[in-house]
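Chemist: Here is a sequence with its predicted model. Questions after.
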Amino acid sequence: MAHVQFADLQSRPTEFLDLTSLTLDEFQQLVPPFEAAFQAHMATWRLDGKPRTARRFSVYQNCPLPTPEDRLLFMLAYVKTYSLQVVQGRLFGMGQSKANQWIHVLLPVLLTALRTLDDAPARSLRALAQRLGVTEAKAAAVVTPLAEEPAPVVASPTAEQASPLLPMTGRNGASSAPKTLLNRKQVIVARKGITQ
């Protein structure tokens with residue numbers, strides 16, 4: 001079964017933009033820091049998340065993500081769509097467990113690459129203000145949602161309006177349903193009886 005590869009997708013810029021939210025030029029600028037972060041990560045860690053002790057990482061013959069562009073495309077498509085891992089794996093020619101491994105390796109690598117380019121998402125108001133070159137008050141105005149009408153206050157329900165589930169819910173403990181005693185004579189006969 002054919003799967004998505006960068007070599008096939010680069011000739012269709014609109015589809016590429018839809019899949020990654022990046023243009024081809026923006027993508028090409030991200031590839032070198034992404035690959036450097038990937039090689040640095042793989043120098044100390046294996047694909048299964050264990051520390052690397054013996055040989056260095058090399059792309060194996062039937063690797064589903066053989067090129068840096070394919071690895072970055074895989075990760076950007078996942079981050080944009082957050083599809084199920086089985087779907088992401090199927091899209092890129094691997095099983096769910098292998099997709100899980102690649103996601104857990106490439107997600108921190110992508111964040112490291114974005115940090116080296118100073119494009120990582122700002123996680124605090126101070127960092128956002130510093131990135132925008134404005135005061136924190138102006139940055140707060142950017143992220144503060146517009147004032148909305150307050151939700152109408154609903155009076156607490158009276159006894160007649162109470163949820164019908166509340167009185168029906170039993171205590172949390174042993175079931176009050178009658179137990180079927182499997183060793184009773186009637187049950188044994190019923191189990192052994194043959195239905196025509």
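Modeler: Looks like it came in fine.
Chemist: ok, which stretches of this protein are helices?
Modeler: Using DSSP state H, the helices of the chain run over 6-9, 13-20, 24-44, 68-81, 85-91, 96-116, 125-132, 136-143, 165-168, 185-192.
Chemist: Out of those, which is closest to Asn62?
Modeler: If you check each of these against Asn62 by CB to CB, helix 96-116 wins as the nearest, at 11.0 Å. For the C-beta atoms, the positions are set from N, CA and C on the backbone; glycine is no exception.
Chemist: Any buried residues in that closest one, and which?
Modeler: Under the neighbour-count criterion of 16 or more other CB atoms under 10 Å, helix 96-116 has 98-99, 101-103, 105-106, 109-110, 112-114 buried.
Chemist: For Arg52, give me the pLDDT.
Modeler: Looking at Arg52, its pLDDT reads 84.
Chemist: Report the contact partners of it.
Modeler: The contact partners of Arg52, by CB atoms under 8 Å, 6 or more residues apart in numbering, come to 42-46.
Chemist: in the protein, which residue is closest to the centre?
Modeler: Tyr82 (5.0 Å; CA atoms, centre = their mean).
Chemist: So that one versus Leu76, what's the distance?
Modeler: As judged by CB to CB, to the nearest Å, Tyr82 and Leu76 stand 12 Å apart.
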